[in-house]
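Participant: With the sequence up front, the predicted model follows.
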Amino acid sequence: MGVHINLSHAPDAIHASAVDLTCTWSGRNTQITCDSVLMVTSRTPNDSLFHQLKGQDWQGSGIASLKLIGDAAAPGPIAWATYAGRRYAEELDARDHGDALAFRREIAELKAGPSLLP
């Protein structure tokens with residue numbers, strides 16, 4: 001299908017029809033021709049803003065709480081970040097539940113019964 005996977009290479013520049021890559025082990029530079037680039041990156045959180053704010057006098061400014069959520073806490077699928085934002089909004093100004101779920105979870109059980117198979 002013409003797909004090439006370039007592991008352990010970091011893009012230095014992405015052009016209209018090529019990409020400049022540097023090998024993370026050897027430092028060797030190469031340029032490859034391509035129609036598109038799909039980058040699969042590490043899931044490293046970027047929590048620097050949280051830590052900068054935590055060092056400020058946010059409580060003296062009338063802010064009641066400061067919480068690290070979403071991709072800043074643990075990068076993942078968009079559904080996780082959306083859930084973290086929704087959960088934060090629902091629990092705003094409520095007591096801290098920690099990591100416990102703020103809702104009841106129903107667990108369905110299947111009971112043995114007469115077979116529906118012939």
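Facilitator: Received, thanks. Residues are numbered from 1 along each chain as shown.
Participant: Could you list the domains of this protein?
Facilitator: Domain ranges of the chain: 1-36, 48-91, per automatic domain parsing.
Participant: In terms of mean pLDDT, which of those ranks lowest?
Facilitator: Note on the domains of the chain: domain 48-91 shows the lowest mean pLDDT, a mean of 87.
Participant: that older thread, compare the domains of the chain and report which one is nearest to Ala108.
Facilitator: Minimum separation from Ala108 across these (C-beta to C-beta) falls at domain 48-91, 21.1 Å. No exception for glycine: its C-beta is placed from N, CA and C like everyone else's.
Participant: Distance from the closest one to the middle of the chain?
Facilitator: Centroid displacement of domain 48-91 relative to its chain, using C-alpha atoms, centre = their mean, to the nearest Å, is 13 Å.
Participant: Same list, the domains of the chain, but as a markdown table with distance to Ala100 and mean neighbour count please.
Facilitator: Below are the domains of the chain laid out as a markdown table (distance: least, C-beta to C-beta, whole Å; neighbours: other C-beta atoms under 10 Å):
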| stretch | distance to Ala100 | mean neighbour count |
| --- | --- | --- |
| domain 1-36 | 40 | 11 |
| domain 48-91 | 11 | 12 |
